[in-house]
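Undergrad: All I have is the shape, not the residue letters:
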């Protein structure tokens, strides 16, 4: 009998031989495009020269026009991220179960995507584009297809038995992928919060708590709506984790800019760093340098989409944080079966019912003969998607309205294709304000101007947007889209700098477009660092911006420690912790202690309201919204029903002493608790961990930072969020400093697989 040890050795050897062959074949299959070995491609009337940066491998695409460049970018995306392009298309089409693997999870993903009808709305979305915009997308799609016509498909697609030549990449696929990006960012986070608030308000004392938590945005919710909520049946419509892993979702971000009077170079310096899921390789972002006869643009794109969403051109630079704008609403409706065996819902008073628009989506399952029929139902007066069980029964239900459901993607194409042509901040503002993605854009140009532009297509509401309204009440319905010229926009503020970090920025309108922002912790910390330099009469160098990007001092921690410190500083055993400055360094034990205190405090306070099961639903929201912190820190008399006779200081002291008494003799350093493991999108699920780690397919780091630091890191049960790209652009120089967690190529044995990863880790 073969020993267990020998079996393990044999299996490991088999994997190594297999991947040795895979790696060798992968290298043979790739065009050896490099700085020394450029490639010129031609298709129809377009031509592009392809090369790479000698050190990082970042793609360099030269062409006479942007259409020439689009052809070349499509080719390079297919070369470096061919698997990623098609995996994203499978998700956007709702075909994971058909092409990748038929599991409960992939079917759930497909159902989630299909309900929005993105594929069904493509004819309408394409009609919004001009002929020039359509030609730009076509040139890119031609570049993707040209690569696969000339080269062997990635081994992952071969294993999936999928041939890209049988389903060529289309311009419409660009819009499909583009439709998903804003939905999976702050829009889904907003939907999660609103659904959670509804769950809260169905529990005892829930309405009282929710109104206090989200004050003042639930104050106008009347007793009729509260009564309706008691009867609503909730369906589980949370976004599947696999969607976020493949497409990526932006959770938070920072950006700031200083003008030339504050910089050493005498020109504006712009900094940006989007925060999103970073626990997979390749990164969601693809860096590229695109050159035309009269311009260049360098920055980040998404495989499958030819738009530089952040970066700099010859004359300008731009970077965004996602705006926590509310781009969706829930409506309450009553539905029943009519005499024709159709689902009908109440759409008007008194008791006016109309049949829903129903579409049956056919979800095929790989290696199975029987597809799944999935019914998507929408209210007749809008695109509001009914959240009711497939086996329908009469009752009150929610429906989900999303502002970019049919138009999504088209306005982003218009905005970003124009933005790269702009030569001034004013030109950037005029282009970008029409984008359909909720964004806070920070802008700069080489003439010395800096600016801010709020972006997005926001519904005109008649209420705060944070609570559901009856679908039959016309007074609550959307009244169109907020005019882009009404969004917040300004240039050259007197203080000489601008910063945003998913904070509260609202135009002067009767009802807000932002009703659940991410707090001021990071933007306050950025402001502190900028003002300190100004007060010391020091100019900003690029090295200062780098230090700011890597800052891990938490203003969230400081807010709680201001209450806690006076209660504990006199005790000798607490003094070292009390003196801690709230810096989340990976080698420190104090973040570990503080996080245990904060978690215990949340359990103590919110456990008075919810059951243990409900609190598990609550906990993820605590990590992403500052409103739970505000509830505890304000300690409002409005909430005496909860606090009863215990003072805030007594609460903090009691909880801290409880935590301290249970600490182990050796507390783990923060980095031991705060680990990041980056795994390959395809191979990390297909192979045992010891193989992926041994071959360098998976990489693990100990991380500094927290949810509220400028350089953040948040490790959840099923995902990790952190800095997905960094850029510093000094407008005095024709270059940018960047890094990202990964590399440009998704081939696991490519020299560019993790070419930027360790530079990103060091900052």
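TA: Here it is on my side, so go on. Keep in mind it's a predicted model, so treat the numbers as computed, not measured.
Undergrad: which SS state does the closest residue to residue 653 other than its chain neighbours fall under?
TA: Distance criterion Cβ to Cβ, 6 or more residues apart in numbering; nearest residue to residue 653, sequence neighbours excluded, is residue 567 at 4.2 Å. Heads up, the C-betas are built off the backbone N, CA and C, glycines and all. Put simply, residue 567 is helix when judged by DSSP: H, G, I helix; E, B strand; the rest coil.
Undergrad: Residue 567: what's it in contact with?
TA: Neighbouring residues of residue 567 by Cβ atoms under 8 Å, 6 or more residues apart in numbering: 649, 652-653, 656.
Undergrad: Tell me the buried residues within these.
TA: For the contacts of residue 567, a neighbour count by 16 or more other Cβ atoms under 10 Å gives the buried set as 652-653, 656.
Undergrad: Can you redo those as JSON lines, where the extra columns are distance to residue 580, pLDDT and secondary structure?
TA: Converted to JSON lines, these look like this (distance: Cβ to Cβ, whole Å; pLDDT from 0 to 100; DSSP: H, G, I helix; E, B strand; the rest coil):
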{"residue": "652", "distance to residue 580": "16", "pLDDT": "97", "secondary structure": "helix"}
{"residue": "653", "distance to residue 580": "17", "pLDDT": "96", "secondary structure": "helix"}
{"residue": "656", "distance to residue 580": "13", "pLDDT": "97", "secondary structure": "helix"}
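Undergrad: For these, give me TSV that also has distance to residue 724.
TA: Output for the buried ones among the contacts of residue 567, formatted as TSV (distance: Cβ to Cβ, whole Å):
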residue	distance to residue 724
652	35
653	39
656	35
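Undergrad: Low-confidence stretches in the stretch 1-150 of the chain?
TA: In the predicted model of the stretch 1-150 of the chain, residues 1-31 satisfy pLDDT under 70.
Undergrad: again with the stretch 201-350 of the chain
TA: For the stretch 201-350 of the chain, applying pLDDT under 70 flags the ranges 236-251.
Undergrad: All the helices of it, in order from the start?
TA: Taking DSSP state H, counting those that start in this stretch as the test, the helices found in the stretch 201-350 of the chain are 206-213, 223-231, 241-247.
Undergrad: In TSV: those, plus distance to residue 551 and mean neighbour count.
TA: Below are the helices of the stretch 201-350 of the chain laid out as TSV (distance: least, Cβ to Cβ, whole Å; neighbours: other Cβ atoms under 10 Å):
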stretch	distance to residue 551	mean neighbour count
helix 206-213	29	20
helix 223-231	42	14
helix 241-247	27	21
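Undergrad: For residue 105, which of those helices is the nearest?
TA: Minimum separation from residue 105 across these (Cβ to Cβ) falls at helix 241-247, 5.8 Å.
Undergrad: Assign the nearest residue to residue 573 once chain neighbours are set aside to helix, strand or coil.
TA: Computed as Cβ to Cβ, 6+ apart, the closest residue to residue 573 that is not its neighbour in sequence is residue 660, at 7.7 Å. For residue 660, the assignment made with three-state DSSP gives helix.
Undergrad: okay, residue 660: pLDDT?
TA: Here the pLDDT value assigned to residue 660 is 97.
Undergrad: Quick check: residue 134 is in a helix.
TA: Yes - according to three-state DSSP, residue 134 belongs to a helix.
Undergrad: does it really touch residue 172, like I thought?
TA: No - with contact defined as Cβ atoms under 8 Å, residue 134 does not count as touching residue 172 (10.1 Å).
Undergrad: what is in contact with the two at once?
TA: Shared contacts of residue 134 and residue 172, counting by Cβ under 8 Å, 6+ apart, come down to residue 126.
Undergrad: Mean confidence (pLDDT) on stretch 560-579, please.
TA: Average pLDDT, stretch 560-579: 95.
Undergrad: buried stuff in that stretch?
TA: Neighbour counts over stretch 560-579 (16+ other Cβ under 10 Å) mark 560-561, 563-565, 567-568, 574, 577-578 as buried.
Undergrad: re earlier: Serialize the helices of the stretch 201-350 of the chain to CSV and add fields for distance to residue 411.
TA: Output for the helices of the stretch 201-350 of the chain, formatted as CSV (distance: least, Cβ to Cβ, whole Å):
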stretch, distance to residue 411
helix 206-213, 33
helix 223-231, 32
helix 241-247, 19
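Undergrad: For the stretch 401-550 of the chain, which segments are assigned as strands?
TA: Per DSSP state E, counting those that start in this stretch, the stretch 401-550 of the chain carries strands over the ranges 439-445, 450-455, 469-470, 489-491, 497-500.
Undergrad: Which elements pack onto the longest one?
TA: Right, strand 439-445. strand 250-258, strand 269-277, strand 316-322, helix 425-432, strand 450-455, strand 497-500 (3 or more Cβ pairs under 8 Å, 6 or more residues apart in numbering; DSSP states H and E).
Undergrad: tell me, which helix in the chain spans the most residues?
TA: Assignment by DSSP state H gives helix 66-93 as the longest helix of the chain.
Undergrad: Show me how far that helix is from its chain's centre.
TA: 20 Å (Cα atoms, centre = their mean, to the nearest Å).
Undergrad: Stretch 644-659 now?
TA: Taking Cα atoms, centre = their mean, one finds the center of stretch 644-659 at 36 Å from the center of the full chain.
Undergrad: Can you list the buried residues in that stretch?
TA: By neighbour count on 16+ other Cβ under 10 Å, the buried set for stretch 644-659 is 651-653, 655-656, 659.
Undergrad: Show me what counts as buried in stretch 517-535.
TA: By 16+ other Cβ under 10 Å, the buried positions in stretch 517-535 come out as 517-527, 529-530, 533-534.
Undergrad: just stretch 455-471 next, same as before
TA: Buried residues in stretch 455-471, defined by neighbour count with 16+ other Cβ under 10 Å: 455-471.
Undergrad: Repeat that for stretch 115-122.
TA: Residues of stretch 115-122 classed as buried: 115-119, 121-122 (neighbour count, 16+ other Cβ under 10 Å).
Undergrad: what does that stretch rub up against?
TA: Taking Cβ under 8 Å, 6+ apart as the rule, stretch 115-122 contacts 92-94, 172, 175-176, 179-180, 183, 359, 374, 376, 383, 385, 402, 405-406, 408.
Undergrad: hmm, which of these are the buried ones?
TA: For the contacts of stretch 115-122, a burial check counting by 16+ other Cβ under 10 Å picks out 92-94, 172, 175-176, 179-180, 183, 374, 376, 383, 385, 402, 405-406, 408.
Undergrad: What about those residues, which are in helices?
TA: The members of the buried ones among the contacts of stretch 115-122 that map onto helices under DSSP H are 92-93, 172, 175-176, 179-180.
Undergrad: Could you work out the most separated pair of these?
TA: Based on Cβ to Cβ, the longest span within these runs between 172 and 180 and measures 13.5 Å.
Undergrad: Neighbours of residue 684, how many?
TA: The local packing of residue 684 (other Cβ atoms under 10 Å) involves 21 other residues.
Undergrad: what pLDDT does residue 628 get?
TA: 89.
Undergrad: now swap in residue 174 and tell me
TA: For residue 174, pLDDT reads 97.
Undergrad: Surely it touches residue 137?
TA: Yes - counting by Cβ under 8 Å, residue 137 is a contact partner of residue 174 at 5.2 Å.
Undergrad: any common contacting residues for those two?
TA: 306, 413.
Undergrad: For residue 67, which non-adjacent residue is closest in space?
TA: Residue 67 sits nearest to residue 139 (Cβ to Cβ, 6+ apart), 4.5 Å away.
Undergrad: Dump the ones in helices among the buried ones among the contacts of stretch 115-122 into CSV; add distance to residue 670 as well.
TA: Converted to CSV, those look like this (distance: Cβ to Cβ, whole Å):
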residue, distance to residue 670
92, 38
93, 42
172, 46
175, 43
176, 41
179, 39
180, 34
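Undergrad: So the closest residue to residue 66 other than its chain neighbours versus residue 313, what's the distance?
TA: Excluding the flanking residues, the one nearest residue 66 by Cβ to Cβ, 6+ apart is residue 292, at 6.0 Å. Distance, residue 292 to residue 313, by Cβ to Cβ, to the nearest Å: 10 Å.
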